[in-house]
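Engineer: How does the following fold in three dimensions:
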Amino acid sequence: MDLNSETQLVEAAQNGHLGSLGALYERYHSPMVALAYSMLADRDLAEDAAQEVFAIACRDIGSLKSKERFAAWLASICRNISRQMLRAGKSREVAPDNEPAIVRRDDMEDRREGIRRAVWSLRVPERELIVMRYFDGFSQAQISEVLNISSQAVNGRLVRAKRKIAKYLKRNGLTGDNHEKS
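Structural biologist: This next block holds a predicted model:
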C-alpha cells in the first residue's frame with residue numbers, strides 16, 4: 001500500500017495502522033508546535049500542546065469524516081488545547097509595550113526585542129502566519145494546508161501582518177532609519 005498521500009495515511013491510521021500515525025506525526029508535529037507557540041509564547045509549552053494534540057488525534061481519528069481536512073482538523077485541536085492552556089495560566093506573559101528596559105542592550109538586541117513585541121502585538125490569526133512562516137520557515141503552501149486557507153489568502157494576510165509589524169516598529173523608533181545615514 002502506497003501511503004504517500006495524506007488521505008491514504010489518514011485512512012490507514014483510522015484502520016489502526018501505527019506506521020501511518022507515525023508518518024502523520026512526523027509530517028505535522030512541527031506545524032502544530034509553531035501554531036501553539038504563536039498563541040502560548042513559550043516553546044516548551046508549545047511542545048507540550050503539540051503532544052496533547054497528537055494524543056487526542058490518535059484517540060479521535062476514527063471520528064474524522066473528511067480525510068482531506070486532516071491538517072485543518074489538527075490545527076483546530078491545537079488552537080483549542082492552546083486556549084485551554086492560556087485559560088489555565090500556563091503561558092508566560094508577553095511583556096507590555098511600556099515595560100521599562102532594565103539593562104541597556106545593543107541596537108541589534110533592541111531591534112530583535114522590538115520585532116518580538118511587534119509580532120506578539122498582532123491578533124492571533126496574524127501571529128500564527130508570521131510565526132509559521134518566519135520563525136519556523138514553513139512555505140506558504142504548507143501554511144495553506146495546515147490552516148485550510150488558500151495560498152492567496154496566506155500571502156495577503158502575511159502582507160497585511162508585515163505592514164502592521166512595520167508600523168509598530170516605526171511607531172516605536174525601531175525602523176533602522178537612524179542607523180543607515182552614517
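Engineer: mind checking the SS state of the residue positioned nearest the centre of the chain?
Structural biologist: Central residue of the chain (C-alpha atoms, centre = their mean): Leu35, 2.5 Å from the mean position. Here Leu35 is recorded as helix under DSSP: H, G, I helix; E, B strand; the rest coil.
Engineer: Pretty sure it sits against Ala72.
Structural biologist: No: when contacts are counted by C-beta atoms under 8 Å, Leu35 is not listed as touching Ala72 (11.3 Å). (Glycine included, C-beta is placed from N, CA and C.)
Engineer: and the residue lying closest to Glu47 once chain neighbours are set aside, how many neighbours?
Structural biologist: What sits nearest to Glu47 in space, not counting adjacent residues and going by C-beta to C-beta, 6 or more residues apart in numbering, is Val33, at 5.8 Å. Using other C-beta atoms under 10 Å, Val33 has 24 neighbouring residues.
Engineer: Now do the contacts for Val33.
Structural biologist: Going by C-beta atoms under 8 Å, 6 or more residues apart in numbering, Val33 touches 43, 46-47, 49-50, 136.
Engineer: and the two most separated of those?
Structural biologist: The largest separation in the contacts of Val33, counting by C-beta to C-beta, is between Ala49 and Asp136 at 14.4 Å.
Engineer: So for these two, which residue has more residues nearby?
Structural biologist: Shown here are Ala49 and Asp136; by other C-beta under 10 Å, Ala49 has more neighbours (28 against 17).
Engineer: do you know how far that one is from Ala55?
Structural biologist: Separation of Ala49 from Ala55 (C-beta to C-beta, to the nearest Å): 11 Å.
Engineer: what do you get for Leu122?
Structural biologist: Between Leu122 and Ala55 the computed distance is 29 Å (C-beta to C-beta).
Engineer: domain ranges for this structure?
Structural biologist: 6-87, 107-180 (automatic domain parsing).
Engineer: returning to what we had before: next, the contact list for the closest residue in space to the residue nearest to the centre of the chain that isn't next to it in sequence, please.
Structural biologist: In space, Leu35 comes closest to Cys78 once its chain neighbours are excluded; the distance is 4.8 Å by C-beta to C-beta, 6+ apart. Residues counted as contacts of Cys78 (C-beta under 8 Å, 6+ apart) are 32, 35-36, 49-50, 53.
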